[in-house]
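# Structure for this input, please:
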Amino acid sequence: MSHPLDNIPLLPHVLIMVYDVIIAGGGLNGITLALALDSAGIRAAVIDKHAPAAALKNGFDGRSYALAAASQKMLEVLGLWDELADNAEPMLEIKVSDGFVGETPSPFVMEFGQEDFRQGPMGYMIEDRHLRAALHNALKRSSVVTMSNCEILTQTIHPTHAAVAMISGTTLTAALLVGADGRNSSIAKAAGLTRAGWDYGQSSLVCAIAHDRPHNGIAHQYFMPSGPLAILPLTQNRSGIVWTEKTETAHNIHALNDVDYLDVLRPRFGTFLGDISLAGDRYIYPLSLSTTHRMIASRVALVGDAAHAVHPIAGQGLNSGFKDVAALAQVLCDTKRRGQDLGIHTSLEEYQRWRGFDNALLCTATNTFNRLFSNDNPVMRGLRDLGLGLVNNTPALRQAFVANAAGAAGDVPKLLRGEPL
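Presented below is the predicted three-dimensional model:
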């Protein structure tokens with residue numbers, strides 16, 4: 001059976017390459033989607049304007065991710081987990097409370113443990129360098145075509161296909177074009193997919209620390225007046241830090257030398273893990289909400305930050321992107337099995353319905369939580385503490401919270417259930 005795009009006429013002196021799906025963006029979401037499609041026999045090409053070496057540094061750069069249990073299942077079914085397991089730290093407990101600089105945390109605490117999620121760890125902490133390396137290694141073993149240091153000059157949507165013209169002169173065509181190119185997605189802009197959002201006036205200081213005492217797989221989230229402080233368990237007696245402050249304060253802290261930086265962190269961090277020291281580089285990221293009104297256009301779909309970039313308060317950014325990947329891969333796989341055009345509008349609408357509401361809900365929730373918790377209003381603080389105590393003492397609410405955090409709530413795609421496409 002011939003491919004529907006095989007009969008596109010070749011123009012003289014122009015190299016035209018034909019695929020099922022073109023993915024713009026070679027980050028975590030883009031590569032994962034390509035590997036998922038490849039596992040189902042869908043021909044994919046990844047275009048990345050960056051060189052792989054820029055993302056594959058050997059040293060630890062301080063960045064890490066909280067992978068939900070569902071995200072771990074997807075990586076396992078795609079054949080990546082064996083390479084990642086030794087460098088992944090299971091999150092066995094989560095503790096959430098109000099916090100104060102130089103004081104012990106509030107006695108009103110939400111605590112979640114293995115009794116709330118009996119399927120295993122609620123998630124895993126993994127460093128960026130290990131996850132990215134495993135994805136690139138899997139790409140080498142796959143049939144996915146990757147084009148690095150390449151940039152899309154134009155994209156054109158035709159009735160039967162999408163075409164992208166590269167600066168190099170090459171033209172690629174496919175039934176579907178996927179934007180996995182971040183919150184400033186050029187694919188979304190060219191497709192007319194408009195965005196909404198705002199700056200939070202906050203920035204996150206990100207680093208890793210080594211500490212004397214074991215963390216025992218416990219993740220901590222303190223809601224400080226200026227923003228949340230997350231202490232997330234890494235391997236080898238280390239923890240990842242996501243420390244949010246007002247932007248001006250954050251930049252002043254980031255400009256300090258390492259000794260002074262730790263002096264500012266210690267009264268916020270506390271002494272429960274003993275003495276602390278830096279274990280890698282320090283980073284700072286401005287925080288904003290940026291979400292498209294729709295995730296699809298004619299023969300175009302968006303995944304990850306290209307569609308929705310949220311506040312890190314719930315640690316769901318990458319997991320939300322992986323949900324997009326798993327849902328889109330399943331929709332396309334089902335479309336292929338029906339013998340239909342992969343870019344057919346009805347299939348893209350199915351993806352929009354599946355992920356659009358969930359992503360809108362996540363944007364609303366993270367925005368609400370940040371505004372509710374990033375302040376020192378005594379009335380609001382009292383209401384927060386009552387809410388934390390209520391959830392902690394209501395088993396049904398605890399289990400619902402954990403199911404959402406683990407990615408096990410709602411209509412879960414096959415890959416996130418650990419099932420192949």
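
# can you give me the strands in the stretch 201-350 of the chain?
Taking DSSP state E, counting those that start in this stretch as the criterion, the stretch 201-350 of the chain carries its strands at 218-224, 227-234, 238-246, 276-278, 283-292, 296-297, 300-302, 308-309.

# Output the ones you listed in a markdown table; the columns should cover distance to residue 63.
(Glycine included, C-beta is placed from N, CA and C.) A markdown table is the format used below for these (distance: least, C-beta to C-beta, whole Å):
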| stretch | distance to residue 63 |
| --- | --- |
| strand 218-224 | 16 |
| strand 227-234 | 11 |
| strand 238-246 | 8 |
| strand 276-278 | 14 |
| strand 283-292 | 7 |
| strand 296-297 | 30 |
| strand 300-302 | 23 |
| strand 308-309 | 16 |
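
# Could you identify which of those strands is most buried?
strand 300-302 (a mean of 29; mean count of other C-beta atoms under 10 Å).

# That one - which strands sit beside it in the sheet, and in what orientation?
The strands beside strand 300-302 in its sheet (DSSP bridges) come out as strand 176-179 (parallel), strand 296-297 (antiparallel).

# Out of these, flag the one nearest residue 366.
strand 176-179 (21.5 Å; C-beta to C-beta).

# Could you dump the strands of the stretch 201-350 of the chain into CSV and include mean pLDDT and distance to residue 129?
Shown next, in CSV, are the strands of the stretch 201-350 of the chain (pLDDT from 0 to 100; distance: least, C-beta to C-beta, whole Å):
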stretch, mean pLDDT, distance to residue 129
strand 218-224, 90, 20
strand 227-234, 93, 12
strand 238-246, 94, 13
strand 276-278, 96, 16
strand 283-292, 92, 13
strand 296-297, 98, 33
strand 300-302, 98, 26
strand 308-309, 91, 22
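
# for those, which one sits closest to residue 349?
Of the strands of the stretch 201-350 of the chain, nearest to residue 349 by C-beta to C-beta is strand 296-297, at 7.1 Å.

# center of this protein, which residue is that?
residue 318 (1.1 Å; C-alpha atoms, centre = their mean).

# Tell me the spatial nearest neighbour of that one, not counting adjacent residues.
Counting by C-beta to C-beta, 6 or more residues apart in numbering, residue 65 is the residue found nearest to residue 318 once chain neighbours are left out, at 4.9 Å.

# Any idea what that neighbour is bridged to?
With DSSP bridges as the rule, residue 65 is bridged to residue 126.

# give me every residue that touches residue 201.
Taking C-beta atoms under 8 Å, 6 or more residues apart in numbering, we find residue 201 in contact with 246, 247.

# How much space separates it from residue 250?
10 Å (C-beta to C-beta, to the nearest Å).

# Can you tell me which of the strands of the stretch 201-350 of the chain is nearest to residue 326?
Using C-beta to C-beta, the strands of the stretch 201-350 of the chain put strand 300-302 closest to residue 326, at 13.2 Å.
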